[in-house]
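Chemist: sequence plus predicted model, see below.
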Amino acid sequence: MHVTLGIALVPVLLAKLWSVVPLLFRWPPVASAAQALERLTVLFLVGGALFVFATGILNIQLEYLFPGSFYPLHFYGAWVFVAALFSHVVLKLPTVVRELRARGLRQALEHRGRAERATWSRPTPTRRRRRAAPCSARWAWARWRSC
């Protein structure tokens with residue numbers, strides 16, 4: 001069960017890494033001590049997860065590329081991951097509680113989604129805006145709007 005679940009979670013790990021890794025390269029790197037601790041826990045989370053998954057997959061393939069015995073390395077890698085996860089949750093808990101008290105769960109999630117969509121659609125200074133098409137050239141589904 002452990003091996004099957006580990007293999008099944010590879011796409012989940014890759015999706016999570018896809019969303020987290022760009023945050024590790026934000027500038028400025030650290031604005032406060034709390035942010036430094038948060039980034040350190042994320043670094044240990046990413047490193048621990050990659051190490052545990054890599055050693056597990058390599059063990060399944062019977063490729064022992066890592067130094068030492070598999071079992072202690074995999075075990076200690078899991079402890080690093082769990083400790084980083086616990087530390088990260090403890091560090092982010094005040095922020096989560098503050099947001100939920102201020103807005104509630106639904107409004108906090110909706111606000112975050114709106115903020116992310118606004119940054120996605122915001123044009124960069126180097127990109128030119130297109131001129132609006134005249135009313136006659138608009139799509140048929142938008143004709144109900146007044147020009």
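Modeler: Right, received. Where do you want to start? Numbers count the residues shown, from 1 in each chain.

Chemist: in this protein, which segments are predicted with low confidence?
Modeler: Within the chain, the segments meeting pLDDT under 70 span 111-147.

Chemist: what segments of it are helices?
Modeler: Taking DSSP state H as the test, the helices found in the chain are 2-8, 10-24, 33-60, 70-103, 105-121.

Chemist: need the winner for burial among those helices.
Modeler: helix 33-60 (a mean of 16; mean count of other C-beta atoms under 10 Å). Any C-beta I mention is one placed from the backbone N, CA and C, and that applies to glycine too.

Chemist: got the angle between it and helix 10-24?
Modeler: 150 degrees (axes from the mean of the first three to the mean of the last three C-alpha atoms, to 10 degrees).

Chemist: just how off-centre is helix 33-60 within its chain?
Modeler: A distance of 13 Å separates the centroid of the chain from that of helix 33-60, by C-alpha atoms, centre = their mean, to the nearest Å.
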